[in-house]
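Chemist: Below: sequence and its predicted model.
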Amino acid sequence: MTQVTPKPNMAAMPGHKKSVGKFLIDWAALLTLVVSVLAFWAIKGTRFMSTNNMINILRAMSITTVFGIAATVTMAPDGFDMSACTLASCSAYVFVSMYLWHGLPLLVCVLISILVTIIMYQLTMFLILVCKIPDMLATCALMFVHQGIGQWYIGGGAVSTGMRTPAGADPKRIKLGEDFLAIGKEPWLIIIMLACVFIAYIFLEHTKHGRFIYAMGGNKQAARLSGINVKAYRYLAGMITAVFIAIGGILVSSRGSSAQVMCCDNYLMQALAAVFVGRTVGGAEKPNALGTMIGALLVATLENGLTICAVPFYILPAVKGAVLALALIAAYATKKEQ
């Protein structure tokens, strides 16, 4: 008998190609990170891979990661906060002023900064939940409100050593203590970042409340019909976001040894880039803490490596924008229409 050779299943081949393409898209951020590290290592050798430079990368990504975690918690229930970093500047003003102007203990300064941030975030929740203004529009308006309130509080200047209060009084402290400065340096800066990522990961991925918040992000109407109190959980997400915003402001002021005017504003786009890159990692298709940390690491690695390679500083924003654009393409271009 003549043996018939089975023909290859042509119908299965497109599916195989599709699965490979999906794998590449799902892990594009991680693959890009690995390729970037190898490329910079090949070009600059031990100058890039040195212990000191690795610490520089971790230090650079820490604050971006904390702000990214704040954005992650906000975006998990399908929210969006454009005013997080302007509010963080206010948190920084309060933190440093409590320490220098009023001479309060460091822990009390931290708690007051967090409390003030939570109180100020009530206005954000009022506009979104009570006035039903879309998140982006409400927080865009609040960017100017936060800038005005913050600069009014510090008298339009900055809060740093050797400066009088806006009322002209002498500060209680004339210099920053080692405990204050240690927060913005390694290892504490990196430890605080990892703690924020861990807390957000456990809350969002492994608690009932986190699952409810994700359910709202998937389909708010379905979540409401299933018995989830949508307003209550959106408010809960907002309060957690406020805490991370305050922590970010504290880290910025400690790292900079002062609270300059709009000192946190430049972190917004980096944080958003980290979140959108992170939501593509592993095909998560949702904001998640571990993905945000990987996104922040990718942005910090690219910036560090390009700087070592003597790329002009004015090119770096274009690189960050390109990373964000590619992350958005990976997140939305392959998304099926609902």
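Modeler: Looks like it arrived, so ask away.
Chemist: how about the nearest residue to residue 123 once chain neighbours are set aside, what does it touch?
Modeler: Leaving aside its sequence neighbours, residue 123 sits nearest to residue 142 (C-beta to C-beta, 6 or more residues apart in numbering; 6.7 Å). (C-beta placed from N, C-alpha, C; glycine too.) By C-beta atoms under 8 Å, 6 or more residues apart in numbering, the contact set of residue 142 is 82-83, 86-87, 123-124, 127.
Chemist: Quick check: the gap between the residue most central in space within the chain and residue 145.
Modeler: By C-alpha atoms, centre = their mean, the mean C-alpha position of the chain lies nearest to residue 68, the distance being 1.0 Å. Residue 68 sits 23 Å away from residue 145, going by C-beta to C-beta, to the nearest Å.
Chemist: Kindly report the same for residue 269.
Modeler: For residue 269 relative to residue 145 (C-beta to C-beta), the value is 20 Å.
Chemist: So, low pLDDT: which residues of the stretch 201-338 of the chain?
Modeler: Along the stretch 201-338 of the chain, the parts satisfying pLDDT under 70 run over 282-284, 324, 327-328, 330-338.
Chemist: buried stuff in the lengthiest helix in the chain?
Modeler: Secondary structure of the chain per DSSP state H: the longest helix is helix 230-256. For helix 230-256, burial by neighbour count (16 or more other C-beta atoms under 10 Å) applies to 230, 233-238, 240-256.
Chemist: same deal with stretch 147-167?
Modeler: 147, 149-151, 154, 158-160, 163, 165.
Chemist: And the contacts of that stretch?
Modeler: Contacts for stretch 147-167 (C-beta under 8 Å, 6+ apart): 86, 89-90, 92-94, 96-97, 100-101, 120, 170-171, 173-176, 253, 257-262.
Chemist: now the residues you listed: which count as buried?
Modeler: 86, 89-90, 92-94, 96-97, 100-101, 120, 171, 176, 253, 258-260.
Chemist: Among those residues, name the ones in helices.
Modeler: 86, 89-90, 92-94, 96-97, 100, 120, 253.
Chemist: now that we have the contacts of residue 142, which one has the most neighbours?
Modeler: Among the contacts of residue 142, the one with the most neighbours (other C-beta atoms under 10 Å) is residue 87, at 32 neighbours.
Chemist: Spatially nearest residue to that one (excluding sequence neighbours)?
Modeler: The nearest residue in space to residue 87 (C-beta to C-beta, 6+ apart) is residue 146, at 5.0 Å.
Chemist: Now do whatever helix or strand residue 66 lives in against helix 230-256, angle only.
Modeler: Under the criterion of DSSP states H and E, residue 66 resides in helix 51-75. Relative orientation of helix 51-75 versus helix 230-256 (axes from the mean of the first three to the mean of the last three C-alpha atoms, to 10 degrees): 160 degrees.
Chemist: out of the contacts of residue 142, who's nearest residue 208?
Modeler: residue 124 (24.7 Å; C-beta to C-beta).
Chemist: mind listing what the closest one touches?
Modeler: Listed by C-beta under 8 Å, 6+ apart, the contact partners of residue 124 are 81, 83, 138-139, 142, 238.
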